[in-house]
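Chemist: let's see this in three dimensions:
(one chain, ligands or ions: 3)
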Amino acid sequence: MFNVVFVLGPPGSGKGTICSKIQENLGYVHLSAGDLLRAERERAGSQFGALIESHIKNGSIVPVEITCSLLENAMNLHKTANGFLVDGFPRNADNLSGWSRQMSGKVHEQFVLFLSCPVDICINRCLNRGEGRTDDNVDSLKKRVETYNNQTFPIIEHFGKLNMVREVDSERPVEEVYEDVDKVFEAANQK
Ligand SMILES: Nc1ncnc2c1ncn2[C@@H]1O[C@H](COP(=O)(O)OP(=O)(O)O)[C@@H](O)[C@H]1O
Ligand SMILES: Nc1ccn([C@H]2C[C@H](O)[C@@H](COP(=O)(O)OP(=O)(O)O)O2)c(=O)n1
Ligand SMILES: [Mg+2]
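Modeler: Ligands and ions are numbered 1, 2, ... in the order given. Here you go, the predicted model:
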């Protein structure tokens with residue numbers, strides 16, 4: 001049974017940054033759905049490269065069958081891990097239903113770490129990210145924020161109704177954010 005923490009929040013809210021620190025200190029394995037998709041886009045012989053790129057540029061969400069299989073394959077490479085940080089997933093209802101279909105019985109969903117941060121700050125962080133991404137531009141970000149508001153935030157609300165969401169304000173400096181994130185994991189792992 002894989003132990004899973006979903007990490008959600010607007011683009012630029014700090015999901016990747018905080019997940020790296022959690023992985024470093026708490027023994028969870030960080031799986032960024034976006035990173036896995038970008039790697040599949042580049043993989044020689046991938047049949048999904050063009051499809052993935054069009055969704056990434058358009059700020060829309062890749063069909064769950066592709067993303068969920070990439071996640072499950074990655075988990076199977078770390079069978080002895082304490083747990084997985086599933087970063088940037090589930091991002092919409094298709095992700096959620098596809099995950100349930102493919103992963104139920106194989107995972108224990110511990111909680112959802114929700115990094116909340118004002119959108120204007122998030123957008124500026126993405127524009128200054130400097131990772132050469134094809135979606136860190138004003139046009140793509142506009143669409144990505146729309147996707148977040150219309151499709152991803154309802155997923156956070158869904159988990160909120162199940163009392164599974166742990167919100168941390170990520171507008172603050174990284175160290176302050178991480179201090180609170182560490183407390184969330186401590187509380188969750190004490191039970
Ligand atoms: N708390 C923070 N304060 C200032 N900048 C941050 C903070 N967290 C992340 N960043 C920066 O913002 C950008 C986006 O962070 P990232 O972790 O990639 O966010 P996400 O994965 O949610 O898109 C990166 O350049 C990162 O260094
Ligand atoms: N579950 C997911 C996660 C990401 N994607 C695609 C669409 C997203 O805009 C891009 C980038 O995702 P990523 O999590 O790397 O983006 P941020 O780290 O939030 O800036 O990847 C997806 O289709 N499905
Ligand atoms: Mg990220």
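Chemist: for the helix or strand containing residue 57, name the packing helices and strands.
Modeler: Assigned by DSSP states H and E, residue 57 belongs to helix 49-58. With contacts defined as 3 or more C-beta pairs under 8 Å, 6 or more residues apart in numbering; DSSP states H and E, helix 49-58 has these neighbours: helix 33-42, helix 138-147. Placement of C-beta: from N, CA and C, glycine included.
Chemist: and it, which residues are buried?
Modeler: Residues 51-53, 55-56 are the ones in helix 49-58 that count as buried (16 or more other C-beta atoms under 10 Å).
Chemist: show me what the lengthiest strand in the chain is packed up against.
Modeler: Criterion DSSP state E: the longest strand present in the chain is strand 107-116. Strand 107-116 is packed against strand 2-8, helix 15-26, helix 153-161, strand 165-169, helix 174-190, with contacts defined by 3+ C-beta pairs under 8 Å, 6+ apart.
Chemist: at 7 Å instead, please
Modeler: If you count contacts as 3 or more C-beta pairs under 7 Å, 6 or more residues apart in numbering; DSSP states H and E, strand 107-116 packs onto strand 2-8, helix 153-161, strand 165-169, helix 174-190.
Chemist: is the longest one anywhere near ligand 1?
Modeler: Yes - residues of helix 174-190 contacting ligand 1 under C-beta under 6 Å from any ligand atom: 174, 177.
Chemist: for that helix, packing partners?
Modeler: Packing contacts for helix 174-190, counted by 3+ C-beta pairs under 7 Å, 6+ apart, involve helix 15-26, strand 107-116, strand 165-169.
Chemist: residues of the protein that sit close to ligand 1?
Modeler: The chain comes close to ligand 1 at residues 9, 11-17, 125, 129, 170, 173-174, 177, as judged by C-beta under 6 Å from any ligand atom.
Chemist: could you find the closest non-adjacent residue to the most centrally placed residue in the chain?
Modeler: Geometric centre of the chain, nearest residue: residue 88, 1.6 Å, by C-alpha atoms, centre = their mean. Of all residues not flanking residue 88 in the chain, residue 33 sits nearest, at 4.4 Å (C-beta to C-beta, 6 or more residues apart in numbering).
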